[in-house]
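>>> Whatever this is, show me its structure:
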Amino acid sequence: MQPTLRLIKAEESSAQGASGSARVASEAEKQAVVDRLSKFLATTPERHRGQTLRILDLSPITLSISTSLGKIGDSVRVTRLAENEVQGELMRDADPDAEVLVTTLDQLQTVALPEAFDVVHTALVIGSRRELPLMTALTQLGRLAECGFVWTDRVKQLHPLKLKRVRDLAKRVDLGFCAPRKPIGSGLFTLSGWRDAL
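I've put the predicted structure just below:
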């Protein structure tokens, strides 16, 4: 069965601020991101249950993904990706339970990793990158994911994206996991899918 890409409704509190400008993630948004990732991991296919899932995370520094997932226990190991040492230090402070790799996605594609990442997760990246680098980064991330991919983001940013634009962006991310459905008009959307067993 082919996995589905879900764009699901979020709480009103996660909508864009009144100023209309890009901003730091609110506590409600951070919690929504963690809740969605947790819900996704709860649907882990049978073939991957009972083993530690290795998650590669490319999300804002302030999101403490690994620490927040602590309640799941030893079944999850999170590796955060930092583009430079300063970012890496800030990430270690914000998310002390995570392993932090200081490298770029391009470099990560070319090194022989000791073990593959089972799931790739990213959140709230639309506002921090231009479209072409964002498309490239998401495609690269999809290639690093052995079996699962989760992307949660805001629909509205500094230059508000129309829902159709978000859908088009989602369609063009070639992850090999799923085909997109029409987004729901909400503050946050989530694209997620499990890759079929090879």
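>>> Now D95: closest residue in space, sequence neighbours ignored.
In space, and not counting its chain neighbours, D95 is closest to S64: 4.2 Å by C-beta to C-beta, 6 or more residues apart in numbering. Backbone N, C-alpha and C define where each C-beta goes, glycine included.
>>> How about the secondary structure of V150?
Recorded secondary structure, V150: strand (DSSP: H, G, I helix; E, B strand; the rest coil).
>>> Tell me which residues are up against the helix or strand harbouring S66.
Using DSSP states H and E, S66 maps to helix 65-68. Outside helix 65-68, the residues within contact range by C-beta atoms under 8 Å, 6 or more residues apart in numbering are 30, 33-34, 37, 55, 57, 59, 76, 78, 80, 95-98, 121.
>>> repeat that for 10 Å
Residues from elsewhere that reach helix 65-68 (C-beta atoms under 10 Å, 6 or more residues apart in numbering): 30-31, 33-35, 37-38, 55, 57, 59, 76-80, 91, 94-100, 121, 123.
>>> so of those, which ones are in helices?
Among the contacts of helix 65-68, the members falling in helices (DSSP state H) are 30-31, 33-35, 37-38, 91, 94.
>>> Make TSV from the residues you listed and add distance to R172 to it.
Formatted as TSV, those follow (distance: C-beta to C-beta, whole Å):
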residue	distance to R172
K30	27
Q31	29
V33	22
V34	27
D35	27
L37	23
S38	28
M91	28
A94	31
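>>> Need those residues in CSV (columns: distance to T44 and pLDDT).
Formatted as CSV, these follow (distance: C-beta to C-beta, whole Å; pLDDT from 0 to 100):
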residue, distance to T44, pLDDT
K30, 23, 88
Q31, 21, 89
V33, 18, 91
V34, 16, 90
D35, 16, 90
L37, 12, 92
S38, 11, 91
M91, 25, 91
A94, 26, 89
